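Q: can you look at this prediction? I've put the sequence above it.
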Amino acid sequence: MSILTIFVQSENTSSERRFSKSITIGDLKIKLEPITGVPASSQVLQLLNGEIPVASVEGDDYMLGAFPVDNFMTLKVINSNPSGFKNQYTDVSLVEKYELPEDEYAKRTDSVLAFKQRNKLGRFAGAQTSTSDDSHTFEEEARNIKVGDRCEVEFGESSEDGLKRRGIVRYVGETKFKPGYWVGIEYDEPFGKHDGTVQGEHYFKAAPKHGAFVRPNKVKVGDYPEELIEEI
């Protein structure tokens with residue numbers, strides 16, 4: 001049994017697929033339906049070598065190997081009834097959506113809202129926390145942090161329940177956007193909010209979406225190498 005690698009193209013899709021030469025055209029169309037979104041009964045198949053048409057693939061009882069097909073050819077799937085199924089698989093407005101009521105969402109413990117509430121982030125930081133930050137300059141905490149240090153940033157009230165992000169210290173000092181000492185971090189991954197420029201003031205240089213400012217008490221410096229993400 002010979003297996004072929006074929007490029008499948010339709011109006012809305014393009015992908016590389018593998019099919020056996022012994023598959024019938026009828027069965028092939030059934031397999032192509034969820035790939036292309038074109039119903040099997042409406043499919044017109046054309047075989048191309050690059051941009052050059054080679055053959056029309058017709059006859060549901062014939063095997064794919066009966067046609068002059070070879071590896072890396074293109075199988076073009078045309079919808080013979082486009083009006084009946086136009087945008088059926090691509091128009092998300094046709095999908096019935098479920099919206100969780102706000103009171104039910106507020107009760108969930110695994111939501112973004114619950115995470116922000118637990119860690120006092122965003123609007124849940126509260127006026128008391130803001131006042132405390134303004135009165136505390138964090139100068140003492142910033143003394144042992146130097147530009148170029150590898151670091152780990154903790155989010156949350158404790159190291160046990162908070163997230164951790166690693167990066168490099170790019171700035172230590174006061175800023176114009178808020179009183180006190182801040183540490184400018186260039187994260188290893190795009191977890192930041194900017195590139196080192198805040199409200200038009202350039203503090204340090206970082207890749208887009210890699211830069212962020214955090215209070216010195218959230219920063220630990222030391223031997224924190226880049227974390228390797230294993231691809232599966």
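A: Done, it's in.
Q: every contact and neighbour count from this point should use C-alpha atoms.
A: OK.
Q: pull the longest helix from the protein.
A: Looking across the chain with DSSP state H, the single longest helix is helix 25-36.
Q: can you name the next helix or strand after that one?
A: strand 43-49 (DSSP states H and E).
Q: next, the nearest residue to Ile145 once chain neighbours are set aside: phi, psi?
A: Counting by CA to CA, 6 or more residues apart in numbering, Ile145 lies nearest to Val221, which is 6.8 Å off, once chain neighbours are set aside. Dihedral pair for Val221: phi -100, psi 150, per degrees, to the nearest 10.
Q: which ones are touching Val221?
A: Residues in contact with Val221, defined by CA atoms under 8 Å, 6 or more residues apart in numbering, are Ile145, Asp149, Arg150, Cys151, Glu152.
Q: residue nearest the centroid of the protein?
A: Computing the C-alpha centroid of the chain and ranking residues by CA atoms, centre = their mean puts Pro190 first, at 10.9 Å.
Q: against Arg143, how distant is that residue?
A: Computed as CA to CA, to the nearest Å, the Pro190 to Arg143 distance reads 27 Å.
Q: also Phe191?
A: Phe191 sits 25 Å away from Arg143, going by CA to CA.
Q: between the two, who's got more neighbours?
A: When Phe191 and Arg143 are compared for neighbours, Phe191 comes out ahead with 15 against 12, by other CA atoms under 10 Å.
Q: so the more buried one makes contact with His210?
A: Yes - taking contacts as CA atoms under 8 Å, Phe191 lies within contact range of His210: 5.8 Å.
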